[in-house]
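J.: Just the structure for this:
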Amino acid sequence: MSTKLTLTAIKADVGGFVGHTAVHPEVAESCRRRLEEAREKGRILDFEVGEVGDDQHLLMTHRRGVDDPEIHRLAWDAFLAGTEVARRLKLYAAGQDLLADAFSGNVRGMGPGCAEMEFVERKSEPVIVFRADKCGPGAWNLPLFRMFADAFNTPGLVIDPAMHGGFTFFVLDALEGKEVTLAMPEDLYDLLALLGSTGRYVVSKVLRRADGEIAAAASTQKLALIAGKYVGKDDPVLLVRCQSGFPAVGEALEPFAFPHTVSGWMRGSHNGPLMPCSVATAHPTRFDGPPRVVAAGFQIAEGRLVGPRDLFDDPSFDRARQTANEIADYLRRHGPFEPHRLPEKDMEYTTLPQVLARLRSRFAAAKESNGRAPSAKRTRAGVS
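T.: As a prediction, this is how the structure comes out:
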């Protein structure tokens with residue numbers, strides 16, 4: 001067992017209350033009982049049960065390292081217990097994110113999203129857990145770039161000697177399953193070339209270059225790629241360590257003052273603004289949105305989770321929320337047209353293949369007609 005502390009965040013949608021808007025209290029309580037029992041038995045040091053929208057989040061501290069089968073099994077069993085409650089209450093899409101019939105070592109590839117990091121506790125260890133609903137893992141690309149590579153957002157990159165050496169980004173190609181490492185600031189333009197393609201390239205973790213210390217870790221699973229069809233949006237989780245050689249808490253939160261557009265709104269098929277909000281308002285209802293993000297802040301003390309602090313419950317984010325609503329108004333007026341609706345190749349929930357199948361014969365007839373030689377006598381320009 002490692003002497004380092006492991007912070008594990010695992011989430012899943014096991015049933016919505018009502019529709020896709022919230023987690024039912026009885027589902028959360030069933031998960032809480034499982035984790036409380038595990039803490040009493042010494043399997044974990046501490047835990048927190050949180051949520052955003054219809055996603056149940058489990059945060060645990062332990063010393064077993066990342067990808068530990070016992071910890072992942074604990075989360076899986078908690079979600080199964082929550083699913084039983086969801087089915088009894090006839091909640092919407094009960095067990096939606098549990099794509100496997102049986103546990104197989106860890107939850108990666110089984111549906112739930114997972115972000116983990118292992119580190120030696122510092123004298124003071126502030127960590128932010130960002131939780132998002134109605135979007136995919138590419139939603140973290142822009143905020144992570146601004147936190148760890150943009151000096152206009154994070155002045156610590158310029159004035160903090162411990163950060164001045166920059167950070168290394170691990171970027172996953174979600175389609176190919178391959179990963180590349182890019183060092184800031186040397187690989188800045190290459191990083192931006194990838195991160196702008198949020199549907200394919202996603203940041204999995206960020207390390208401090210000076211010593212290789214973990215700075216951030218994100219869930220990267222895409223449910224449609226696992227299941228082979230649309231079964232729900234990925235709704236990712238992100239862990240960010242702050243202060244003393246990492247971005248200050250305010251630097252880590254600042255990127256969300258700009259409600260950038262993300263994919264995943266309404267049936268996973270629309271773009272919408274990512275609205276930073278308090279936990280109390282993280283229950284999206286308008287057109288199942290717009291997408292939400294909450295920030296739970298913790299101080300970690302000998303493995304104990306001191307918190308959470310609801311960090312977006314702050315009037316300084318009111319303008320971001322207002323802007324998000326204005327962006328939502330603008331996009332909604334497009335109805336089924338792009339850029340509100342995703343491009344056809346990015347849609348995970350669509351009848352377009354069936355529509356095209358019905359129209360295939362008509363397309364063929366039109367092509368044949370258009371390819372026919374004109375019946376009128378050929379003429380030279382200006383000559384009859």
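J.: Do you have the strands of the stretch 201-350 of the chain handy? List them.
T.: Assigned by DSSP state E, counting those that start in this stretch, the strands in the stretch 201-350 of the chain fall at 201-208, 214-218, 237-241, 261-264, 270-273, 275-276, 292-301, 304-310.
J.: Can you pull out the low-pLDDT segments for this protein?
T.: Scanning the chain with the threshold set as pLDDT under 70 gives 1-2, 223-233, 348-350, 367-384.
J.: That one: helices as residue ranges?
T.: 25-40, 69-88, 141-149, 156-159, 188-195, 223-227, 249-253, 265-268, 318-332, 352-370 (DSSP state H).
J.: got the contact list for the fifth one?
T.: By Cβ atoms under 8 Å, 6 or more residues apart in numbering, the residues outside helix 188-195 that reach it are 141-142, 145, 149, 169, 171, 180, 182, 184, 201, 203. Backbone N, C-alpha and C define where each C-beta goes, glycine included.
J.: can we see that at 10 Å?
T.: Contact with helix 188-195 is made by 138, 140-142, 144-145, 148-150, 166, 169, 171-173, 180, 182-185, 187, 200-203, as judged by Cβ atoms under 10 Å, 6 or more residues apart in numbering.
J.: Ramachandran coordinates for the spatially most central residue of the chain?
T.: In the chain, the residue lying closest to the centroid (Cα atoms, centre = their mean) is residue 236, at 2.3 Å. Backbone geometry at residue 236, expressed as degrees, to the nearest 10, gives phi -80, psi 170.
J.: close enough to count as contact, it and residue 219?
T.: Yes - counting by Cβ atoms under 10 Å, residue 219 is a contact partner of residue 236 at 4.6 Å.
J.: which neighbours do those two share?
T.: With Cβ under 10 Å, 6+ apart, residue 236 and residue 219 have common neighbours 9, 11, 113-115, 132, 137, 140, 202.
J.: Adding distance to residue 196, write these out as JSON lines.
T.: Below are the shared contacts of residue 236 and residue 219 laid out as JSON lines (distance: Cβ to Cβ, whole Å):
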{"residue": "9", "distance to residue 196": "26"}
{"residue": "11", "distance to residue 196": "26"}
{"residue": "113", "distance to residue 196": "22"}
{"residue": "114", "distance to residue 196": "25"}
{"residue": "115", "distance to residue 196": "22"}
{"residue": "132", "distance to residue 196": "19"}
{"residue": "137", "distance to residue 196": "15"}
{"residue": "140", "distance to residue 196": "13"}
{"residue": "202", "distance to residue 196": "12"}
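J.: Distance to residue 95 for the helices of the chain - can I get that in JSON lines?
T.: Formatted as JSON lines, the helices of the chain follow (distance: least, Cβ to Cβ, whole Å):
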{"stretch": "helix 25-40", "distance to residue 95": "11"}
{"stretch": "helix 69-88", "distance to residue 95": "4"}
{"stretch": "helix 141-149", "distance to residue 95": "29"}
{"stretch": "helix 156-159", "distance to residue 95": "43"}
{"stretch": "helix 188-195", "distance to residue 95": "33"}
{"stretch": "helix 223-227", "distance to residue 95": "13"}
{"stretch": "helix 249-253", "distance to residue 95": "33"}
{"stretch": "helix 265-268", "distance to residue 95": "18"}
{"stretch": "helix 318-332", "distance to residue 95": "30"}
{"stretch": "helix 352-370", "distance to residue 95": "26"}
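J.: looking at those helices, which is closest to residue 212?
T.: Nearest to residue 212 among those is helix 141-149 (14.2 Å), distances taken as Cβ to Cβ.
J.: Run the chain-centre distance for that closest one.
T.: Remark: helix 141-149 is offset 14 Å from the chain centroid, using Cα atoms, centre = their mean, to the nearest Å.
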